[in-house]
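>>> Take this sequence and fold it.
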Amino acid sequence: MRIGYTLMTEQAGPRELVEHAALAEEAGFDFEVMSDHYSPWLDEQGHAPYAWSVLGAVTQATRQVELMTYVTCPTVRYHPAVVAQKAATVQLLSGGRFTLGLGAGENLNEHVVGRGWPPVNVRHELLKEAVEIISLLFDGGYVNYSGEHFRVDSAKLWDLPEQRVPIAVAVSGNQSVRTFAPLADAMVSTEPESALCREWDVFQGGGASSRKIGQLPVCWDTDRDRAVERAHEQFRWFAGGWKVNSELPGPAGFAGATRFVRPEDVAEQIPCGPEVGPIAEAVAKFRDAGFTDLALVQIGGDHQREFLDFAKGELLPALR
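As a prediction, the model looks like this:
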């Protein structure tokens, strides 16, 4: 299983993210993923720069490491035809190192354009049409599309990379696996569930096992109590699960929903402290479930440098 690093836009500014990307490549991570948010989950995180501008800079600050969005919602805040153009451009800038990670999105980021927030079944319909549109544009030539939710009128990607952009889609259950496995190149999930991996391979067809890309938050610090405190301050929203997290409209809602989450509750879900062992145990759950890739999130935008030093010297050698 390959180990990646998360450029979390909710907890660092654009210049810092570019710096972290270069340092993560130097530390030896196999790939880097970037979140695509309009708002942080909690006020304490304090950031939300435009991911695609930062990605453009990251392509020039790194040399070989693979890059990916984890994940972009191509349905409300963005039109899928524009997402296809952005992805093709990043693929060209990176020299073929980019994977487009897509998902159905969160109200937190998508409500800002004033179009409301549809129910989950409609969000999956929107995402399916968006993936179809993006794939057609990646094929080249002019695209016209008339769906239930989207229309495209004579769109063409004029700067189309020779190496097609792979598409990864976030899934959470059997219904989404059935819908998106036949359309995508790779699977995204934040839960180490072996059933998702098995079903993905079945519904993809072709027999070959594709990439399955997970994500794991950790809070490394030389002092465990300090790590638990920081994880609780900035990542207690994680306890809600995606069925809740996709619906709340802003940081104030997440603060209210998590006011009774205790530091010890967060510490039960997230490896905290200076030791390799708890991180390795959490990583192993994804490996055993069948994931091929796992992106680590170091909690705390001001605590990336020391984590990357730890990853280079201790964590990555131990995991490998």
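
>>> From Ile134, how far off is Asp30?
25 Å (C-beta to C-beta, to the nearest Å). All C-beta spots, glycine's among them, are computed from the backbone N, C-alpha and C.

>>> Which one of these two is surrounded by more residues?
Ile134 (26 against 17; other C-beta atoms under 10 Å).

>>> Secondary structure element holding the more buried one?
helix 120-139 (DSSP states H and E).

>>> what's the weakest-modelled helix or strand in this structure?
helix 242-245 (a mean of 87; mean pLDDT, DSSP states H and E).

>>> which non-adjacent residue is nearest His79?
Phe150 (7.4 Å; C-beta to C-beta, 6 or more residues apart in numbering).

>>> residues touching the one you found, list them.
In this structure, Phe150 makes contact with His79, Pro80, Leu126, Glu129, Ala130, Ile133, judged by C-beta atoms under 8 Å, 6 or more residues apart in numbering.

>>> try 10 Å
Pro74, Thr75, His79, Pro80, Ala81, Leu126, Glu129, Ala130, Glu132, Ile133 (C-beta atoms under 10 Å, 6 or more residues apart in numbering).

>>> try Ala12
Val18, Glu19, His20, Gln45, Gly46, His47, Pro49, Val54, Gly300, Gly301, Asp302, Gln304.

>>> same check, this time on Leu196
171-174, 176-177, 181, 187, 189, 212, 214, 289-291.

>>> Which of these fall in strands?
Mapping the contacts of Leu196 onto strands (DSSP state E) picks out Met187, Lys212, Gly214.

>>> Who is the second one paired with across the strands?
Meaning Lys212. Met187 (DSSP bridges).

>>> Surely it is in contact with Thr190?
No: contact criterion C-beta atoms under 10 Å: Lys212 and Thr190 do not qualify, at 11.5 Å.

>>> higher neighbour count, those two?
Lys212 (23 against 19).

>>> Tell me who's in contact with that one.
1, 168, 171, 186-189, 196-197, 200-201, 286, 289-294.

>>> repeat for Glu32
4-7, 17, 20-22, 24-25, 55, 58, 62, 65-68, 70, 97, 295.

>>> would you say Lys285 is within a strand?
No: applying DSSP: H, G, I helix; E, B strand; the rest coil, one finds Lys285 to be helix, outside a strand.

>>> export the contacts of Ala12 to CSV and tack on secondary structure?
Conversion of the contacts of Ala12 to CSV gives the following (three-state DSSP):
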residue, secondary structure
Val18, helix
Glu19, helix
His20, helix
Gln45, coil
Gly46, coil
His47, coil
Pro49, coil
Val54, helix
Gly300, coil
Gly301, helix
Asp302, helix
Gln304, helix
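
>>> from the residues you listed, which single one is nearest Tyr38?
Pro49 (10.1 Å; C-beta to C-beta).

>>> Need the phi and psi values for Glu247.
phi -100, psi -30 (degrees, to the nearest 10).

>>> Kindly report the same for Leu160.
Per degrees, to the nearest 10, the backbone of Leu160 is at phi -110, psi 120.
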